[in-house]
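Participant: no FASTA, just this:
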């Protein structure tokens, strides 16, 4: 099962973030997802919202470029995440910037929900720049929309298990998995939102999930610049995901 | 008869979300500390929350709940309103689904039962909720009694004063009823300080009930708007579908009234994939949520304790005029219904109170049913439809969400 780790660019500071991301690569994460900080990360939970608030002050283009150069040498796939609401005035320049930085692809978590009628055009723009567009779907995405997004793209797909990151709510993992699997046949699906325990990872692994994404569960380690804690957490994840 | 009931009573609830034309925007937390989405874990039964965020197209209805549905009068009848057709000189057919036939007199019991059933499995002592016209409060108090729970109801002040008999019924079922705004919650006291004569609103009463549930470790019963509630109500539409099938009829126009959207959604959503059916949502002119409301994120409750949802809304601080139809005074409409109205799949229509009263009179004299004033909006829209399309020959199916037997003292004086 592939592991995708999410970090907010600039959090807790640019130098510490590079250390964490390097460690994630060393510990075998297959993908890194880097979020561009914005003022309204509306679909994130309290932990990631706090990272955006703090990272707005520390984010730097130069640090991001340097980190991408470093990561690309290790052969790691790195994806950019941005709220479309924060780039809506000039999406073209932002997409070009993401390409120039060397990201493999782009994820826009609010595009399909809040800008549904612009989505197809934006997806084509992203792919036109040679970037993968990573569709973000959730349980609230209707079947017809999932099918359409699947036809428009070729990349892996991010599936949000819950309405927000970092929250805990009762779910029926099996029925979610089966619906996703049926609608997205042949596509790699990465499940995220609210994943933090070994039992959740084991359950997804037993169901046969292709991948998982973890973000909110890392924030405490980042906040305290706790590399040993982070290492031990990822070792625990690796022990159950393989 | 029993065989017919068994054939008509659904075994699954239907959730429209997988069949919407656009993604349903998720709820948002606007709280400064923690997440108001996570807060739901404290006040909503676990199984109810799982259903709320699972969006499975179908959920099995537990047999214990189907037993309770039978006990309270399900399936409800589907009636051919042939005298009304004659009176209106309408050449098509008019059917009415009569939710007033449940023992509590409205569709509200359809979700009160599962919510109380799930709460009773979680070792809580009781449930708390709000009520506008009193239909939801009545359903809650009965569902609580049937599942061995205590119940408390914050009733919007204007209805509390206008509808004393509703209080009597709720008390008979063992419920404790207080007028909202009340002195029992911080939010209620704040509202009373601002306006001691406040007639209240559903948004304020919801805020009080949620605060009370949090402070007293009770489960909060959700009357409308949320997906799981509309799914529970889908038994109305599914029964109608089966009953029409047995009668060899195809619906072509479906009409219902909208407060928060639960009777309407429950009635029409099971038919949503049939693009041939015209669906009309009838609202109160005095609460023009679809024509004057904004489609954006807004609070479900006035205090903003619950998550924000994207819906048509007149603003969570909207204080509606004190019209009789308390159930239609809510400021917003269910997110799934809002999407379908925005996309044009469902059309909306507004009706003024005087037209509703006239429609209720025509309806009573041609069907015998004293309908609830809320349902009177749907009836008025159906009458408009029949008058505008006298040549028919479309088959109109109308949902009469409740009876108006407890409303006689209020509108009886007005009807000539």
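Facilitator: That came through, no problem. What you see is a predicted model; the values in this text were computed from it and never measured.
Participant: Identify each buried residue in the longest helix along chain A, please.
Facilitator: The helix that spans the most residues within chain A, counting by DSSP state H, is helix A:227-241. Using 16 or more other CB atoms under 10 Å in any protein chain shown as the test for burial, helix A:227-241 gives A:230, A:231, A:233, A:234, A:237, A:240, A:241. (C-beta placed from N, C-alpha, C; glycine too.)
Participant: Then stretch B:292-307?
Facilitator: Counting neighbours by 16+ other CB under 10 Å, stretch B:292-307 gives B:293, B:295, B:297-307 as buried.
Participant: Residue B:61 and chain A, how far apart?
Facilitator: With distances defined as CB to the nearest CB, to the nearest Å, the gap from residue B:61 to chain A amounts to 16 Å.
Participant: Next, find the distance separating that residue from residue B:73.
Facilitator: Here the distance between residue B:61 and residue B:73 works out to 16 Å (CB to CB, to the nearest Å).
Participant: residues in chain B within reach of chain A, list them.
Facilitator: Remark: the part of chain B in contact with chain A comprises B:17-29, B:33-35, B:37-38, B:40-41, B:46-47, B:49-50, B:53-56, using CB under 8 Å from any CB of the partner chain.
Participant: hmm, which of those are the buried ones?
Facilitator: B:17-20, B:22-29, B:35, B:37-38, B:40, B:47, B:49-50, B:53-56.
Participant: hmm, back to that, turn the buried residues of stretch B:292-307 into JSON lines, including pLDDT and secondary structure.
Facilitator: Converted to JSON lines, the buried residues of stretch B:292-307 look like this (pLDDT from 0 to 100; DSSP: H, G, I helix; E, B strand; the rest coil):
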{"residue": "B:293", "pLDDT": "96", "secondary structure": "coil"}
{"residue": "B:295", "pLDDT": "97", "secondary structure": "strand"}
{"residue": "B:297", "pLDDT": "95", "secondary structure": "strand"}
{"residue": "B:298", "pLDDT": "95", "secondary structure": "strand"}
{"residue": "B:299", "pLDDT": "92", "secondary structure": "strand"}
{"residue": "B:300", "pLDDT": "89", "secondary structure": "coil"}
{"residue": "B:301", "pLDDT": "87", "secondary structure": "coil"}
{"residue": "B:302", "pLDDT": "84", "secondary structure": "coil"}
{"residue": "B:303", "pLDDT": "84", "secondary structure": "coil"}
{"residue": "B:304", "pLDDT": "85", "secondary structure": "coil"}
{"residue": "B:305", "pLDDT": "87", "secondary structure": "coil"}
{"residue": "B:306", "pLDDT": "89", "secondary structure": "coil"}
{"residue": "B:307", "pLDDT": "92", "secondary structure": "coil"}
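Participant: What is the nearest of those residues to residue A:29?
Facilitator: For residue A:29, the nearest member of the buried residues of stretch B:292-307 is residue B:307. The distance, counting by CB to CB, is 31.7 Å.
Participant: so the closest one sits right up against residue B:29, yeah?
Facilitator: Yes. Contact criterion CB atoms under 8 Å: residue B:307 and residue B:29 qualify, at 5.7 Å.
Participant: Could you pull out the helices in chain A for me?
Facilitator: Under DSSP H, chain A gives helices at A:14-26, A:46-58, A:61-73, A:84-87, A:91-101, A:111-114, A:119-128, A:143-152, A:173-183, A:198-207, A:219-223, A:227-241.
Participant: Secondary structure element for the closest residue to residue B:15 other than its chain neighbours, which one?
Facilitator: The shortest distance from residue B:15 to any residue that is not its chain neighbour, by CB to CB, 6 or more residues apart in numbering or on different chains, is 4.5 Å, and that residue is residue B:231. Per DSSP states H and E, residue B:231 falls inside helix B:227-232.
Participant: Pull the number of nearby residues for residue 121.
Facilitator: Since you didn't name a chain, this refers to chain A. Around residue A:121 sit 11 other residues, with neighbours defined as other CB atoms under 10 Å in any protein chain shown.
Participant: think we crossed wires, I meant chain B
Facilitator: Using other CB under 10 Å, the number of residues around residue B:121 comes to 13.
Participant: quick one: contacts for it?
Facilitator: Going by CB atoms under 8 Å, 6 or more residues apart in numbering or on different chains, residue B:121 touches B:45, B:47.
Participant: Can you give me the separation between it and residue B:110?
Facilitator: Here the criterion is CB to CB. By it, residue B:121 lies 19 Å from residue B:110.
Participant: What separation do you get for residue A:113 and residue B:274?
Facilitator: For residue A:113, the distance to residue B:274 - CB to CB - is 26 Å.
Participant: what do you get for residue B:11?
Facilitator: Using CB to CB, which is the criterion applied here, residue B:11 is 21 Å from residue B:274.
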